[in-house]
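> after the sequence you'll find the predicted model.
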Number of protein chains: 2
Amino acid sequence: MSGLQDLLASRAALTPWLDALARDIFDQLHQKTRGEHGVTRASWGTGETIACDLLKARAQSLDLATRSDGIGNLYVELPGRDRSAPRWVSGSHLDAVPEGGNFDGAAGAVAALLAMSIFKKTGVMPARDVWAVGFRGEEASSWFTGLHNSHLGSRAALGILPDSELDTAIHRQSGLSFRQHLQQGGFAWPASGAAKNDLRPDTTHGFIELHIEQGPILETANIPVGVVTAIRGSLRARNGKVTGEYAHSGAVPHYLRKDAVFAAAEFARECEDFADGARDASEDIDVTFGEFTTNGDTHGLTKVAGELRFTIDVRSSSSMLLDRCGTEFQQIAKRISDKRGVAVTTGDFAKSDPAVMDPGLISALEANARELNIRTMALPSGAGHDAADVARCGIPTAMIFVRNANGSHNPDERMEISDFLQGVWVLAATLAR
Amino acid sequence: MSGLQDLLASRAALTPWLDALARDIFDQLHQKTRGEHGVTRASWGTGETIACDLLKARAQSLDLATRSDGIGNLYVELPGRDRSAPRWVSGSHLDAVPEGGNFDGAAGAVAALLAMSIFKKTGVMPARDVWAVGFRGEEASSWFTGLHNSHLGSRAALGILPDSELDTAIHRQSGLSFRQHLQQGGFAWPASGAAKNDLRPDTTHGFIELHIEQGPILETANIPVGVVTAIRGSLRARNGKVTGEYAHSGAVPHYLRKDAVFAAAEFARECEDFADGARDASEDIDVTFGEFTTNGDTHGLTKVAGELRFTIDVRSSSSMLLDRCGTEFQQIAKRISDKRGVAVTTGDFAKSDPAVMDPGLISALEANARELNIRTMALPSGAGHDAADVARCGIPTAMIFVRNANGSHNPDERMEISDFLQGVWVLAATLAR
């Protein structure tokens, strides 16, 4: 523990050096992968490989060993005091959406590398080995169409990427299968034997991913660092519909109408009320009707609407609450259908389970932040992350969010380096033990 | 009055003859103006002129004098006992929407002609002169685009058609102005002098228009004949909009959202509640949000909607209630905007005033129906009619609706001739006095 105290004591002195190092790495990343609007780092494409090579070179300049697995994920290795103990792994993805921002993904891999550079600079040796990882293909949905569940790089590292996705994921630009695309890029995948599966519960003590927050919660609360409680699951209905009856708005009186708009409005209101009630009971839930539209081909100012289509996207950290929503929303639909003589149908719901972050790791992050005098708040992650797949494989997992003003997946991401460094210090303090 | 009793007493005996006559006229009309789907009688086009000529020939075969005004409206004249008393006028329009039904419009002109034929057949002379009228151009909105207020034929007969509309109404097919179209058809309009204005309050005792009901109220109530209380006015907003803020449906929590869909749903529900309340207080009102849609270019399953556009069409027989709706809906919009941090705006409302039917004439129609053992019900007219313009010019006006199963403006209009004849008898009994 004295090593850790040395580490923490050096913080003020190291800050100018660390600040310059972080800026330099992010500037290089930006310069080498930017286009006319934002940065572009296609999954298994040029920009992603540039980012990989850049971090690898930085690691090597710190005398750190680097290695890639067959699918191209980058690993940087720092030995700890107990070489036989299960290791820490920390990092995030190196790809980005088309014309995206410089920080979504890359910040997590850079943070792990900076934590290692702090260990090197201070001469403090962490209690166990630490691996920094730069995953490929977390944004694969932006680059590959067809049947696949995205997060292709991390799932390969975890040994849970089915070979079938190599053939069913199709590159949006070239039309090649993912398998052909990998071959063309010189990647040896699928790998054989033990090399197939670098991230395993038996050899991994815990996984920590730092990521910019993609929403405005920290910005609004004026807090630099967040500790993620869970990566929310979702319950989605893509084909919701209210079917009423078109009618003359002047000649057909109220009591003979089957008005799709008023029925849909009541349905949306009651679903919103349900969510409000759950939040009042301190449950985590957000309900979104993203699409909500009468039929442009048949609606009109002087016609009672006979049809309205809608989508529902429910997000929650609670799998049970997602299930309850499905049941409850269908009951609301039935009640309104019966009352109004229309048909309100949600269609099938697709569910994605939440990934709960490890309570012990959450406590450790919060305790270390307190020790560093860094203000944090607990918050769920609405978007998906590699960390969700890691957690589902039984590896204790946590996420650090860094305040970010303008959302992600756009060129205007605005993470302050000073906020980022606070996240790096919380990470380093945690990896030290 | 003994003449009237003779008329009523002859009803049963005349029914087979009258039934055959009605069927014959409607069959001819249908045969001569039908196309592949439904009938087509363009305003100042071939089908409308065929209908005019057909009724004119029928009238002449009954020894009735016929006449046209410069714009082509048809008048049939039956002398009454007091030739100097203001006259009755009854009829409707002879044009129809493209691929429309056989009865919308024509039934009213045929009914007036049949009432006259009853007078002729029974030898009963009405107390005052009766004119049957076949208006042109009530459906002008279907045939002419540009700036005009439709009902072109009746407004010409009333002297309230501004010459400017002759140039600003543009024929949808030919692109000619209404003025050019009239010239090409050989119509002498604008007419000069007294001939310009055949329908005047000082020479008209009252105007009665029989029309098929365009909604399902009589059909649902199982009553053959309706007496119209008012032609409803409307209050319309074409450019309603809710402006919120697009946001990530997973990353942006409830309390930081400006959700256009939930705001719009609450707005629609509260407007519906207002209408329900007014109806509970026995007021006549229907509110329709015919278009209600998020933006198809920018909405999505995983995005909080930042925009929703809507239209409102309020119908009521009460001008004051229409005004109250405008005020109330804007207050609701403001309350929801303030509460939710979005902007709910209705845009400008366009108001069309209701036309109240003459209470004395309504009573007369109902009393005559009772005397004839014909069941009637009072109801408002949701759609516009020539009668609305007549009423606005200060001529006592009433409308008789005839039950019609399948709505109007389509080839499936289904008026039973037996229902129609009940309407004709109520009309004849009223015109007799």
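Sure, I can see it.
> use CA for all of it now, contacts and neighbours both
OK.
> now do the contacts for A:Thr293.
A:308-310, B:291-294 (CA atoms under 8 Å, 6 or more residues apart in numbering or on different chains).
> which of those residues sit farthest apart?
A:Phe310 and B:Glu291 (14.0 Å; CA to CA).
> settle it for me: which of the two has more neighbours?
B:Glu291 (28 against 24; other CA atoms under 10 Å in any protein chain shown).
> okay, the more buried one and B:Gly240: tell me how far apart.
Using CA to CA, to the nearest Å, we find B:Glu291 at a distance of 9 Å from B:Gly240.
> right, and out of the contacts of A:Thr293, which lies closest to A:Glu213?
B:Thr294 (27.1 Å).
> who's the closest spatial neighbour of the closest one, skipping the chain neighbours?
B:Leu308 (4.2 Å; CA to CA, 6 or more residues apart in numbering or on different chains).
> is that neighbour in a bridge, and if so with what?
B:Val242, B:Thr294 (DSSP bridges).
> and A:Val304, how many neighbours does it have?
The burial count for A:Val304: 29, using other CA under 10 Å.
> oh, I was asking about A:Ala65
15.
> how much space between the residue of the stretch 101-250 of chain A found nearest chain B and B:Ala281?
Using CA to the nearest CA, A:Gly250 is the residue of the stretch 101-250 of chain A that sits closest to chain B, at 3.8 Å. According to CA to CA, A:Gly250 and B:Ala281 sit 20 Å apart.
> which one's more surrounded, those two?
A:Gly250 (29 against 9).
> need the contact list for that one.
A:302, B:232, B:286, B:315, B:381-383.
> among those residues, which are in strands?
B:286, B:315, B:381 (DSSP state E).
> filter the residues you listed by proximity to chain A?
Applying CA under 8 Å from any CA of the partner chain to the ones in strands among the contacts of A:Gly250, one finds that B:286, B:315, B:381 fall near chain A.
> and the last one, bridged to which residues?
Pointing back at B:Ser381 there. Here B:Ser381, judged by DSSP bridges, has bridge partners B:Ile231.
> my guess is A:Leu361 meets A:Ile395, correct?
No. The pair A:Leu361 / A:Ile395 is not scored as a contact, 11.0 Å apart, by CA atoms under 8 Å.
> mind checking how far the helix or strand bottoming out on mean pLDDT in chain A is from the chain centre?
Sorting the helices and strands of chain A by mean pLDDT, DSSP states H and E puts helix A:2-9 at the bottom, at a mean of 79. Distance of helix A:2-9 from the chain centroid (CA atoms, centre = their mean, to the nearest Å) equals 32 Å.
> tell me what the next helix or strand after it is packed against?
Heading C-terminal from helix A:2-9, the first helix or strand you meet, by DSSP states H and E, is helix A:11-33. Applying 3 or more CA pairs under 8 Å, 6 or more residues apart in numbering or on different chains; DSSP states H and E, we find helix A:11-33 packed against helix A:46-61, helix A:106-122, helix A:417-431.
> output the below-cut-off pLDDT ranges for the stretch 1-150 of chain A.
A:1-2 (pLDDT under 70).
> go again using 50 as the cut-off
Counting by pLDDT under 50, the stretch 1-150 of chain A has low-confidence residues at A:1.
> quick one: check stretch A:138-151 for contact with chain B.
No. Shown here: stretch A:138-151 not in contact with chain B (CA under 8 Å from any CA), separated by at least 14.0 Å.
> from B:Ser84, how far off is A:Asp323?
82 Å.
> what's near enough to touch the closest residue to A:Ser10 other than its chain neighbours?
In space, and not counting its chain neighbours, A:Ser10 is closest to A:Thr122: 7.5 Å by CA to CA, 6+ apart. Counting by CA under 8 Å, 6+ apart, A:Thr122 makes contact with A:6-7, A:10.
> put the buried members of the residues you listed into a PyMOL selection.
To isolate the buried ones among the contacts of A:Thr122 in PyMOL, judged by 16 or more other CA atoms under 10 Å in any protein chain shown, type:
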select buried, chain A and resi 7
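> can I see the domain layout of chain A?
Here the domain parsing of chain A from automatic domain parsing is A:2-231+A:354-431, A:233-352.
> can I get the ones you listed in CSV including distance to B:Asp419?
Converted to CSV, the domains of chain A look like this (distance: least, CA to CA, whole Å):
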stretch, distance to B:Asp419
domain A:2-231+A:354-431, 62
domain A:233-352, 19
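> the stretch 51-200 of chain A: helices as residue ranges?
For the stretch 51-200 of chain A, the helices defined by DSSP state H, counting those that start in this stretch occupy A:106-122, A:140-143, A:152-157, A:164-168, A:178-184.
> deepest of those helices, which one?
helix A:152-157 (a mean of 26; mean count of other CA atoms under 10 Å in any protein chain shown).
> what does that helix contact?
A:69, A:71-73, A:135-138, A:140, A:161, A:196-199, A:386, A:389-390.
> which ones among those lie within strands?
A:Phe135.
> the residue of the stretch 101-250 of chain A closest to chain B should be in a strand, yeah?
No. Secondary structure of A:Gly250 (DSSP: H, G, I helix; E, B strand; the rest coil): coil, not part of a strand.
> OK, contacts around the residue lying farthest from the centre of chain A?
Distance from the C-alpha centroid of chain A peaks at A:Ala251, with 52.6 Å (CA atoms, centre = their mean). Taking CA under 8 Å, 6+ apart, we find A:Ala251 in contact with B:213-216, B:381-383.
> more neighbours: which of A:Asp323 and B:Ser84?
Shown here are A:Asp323 and B:Ser84; by other CA under 10 Å, A:Asp323 has more neighbours (14 against 10).
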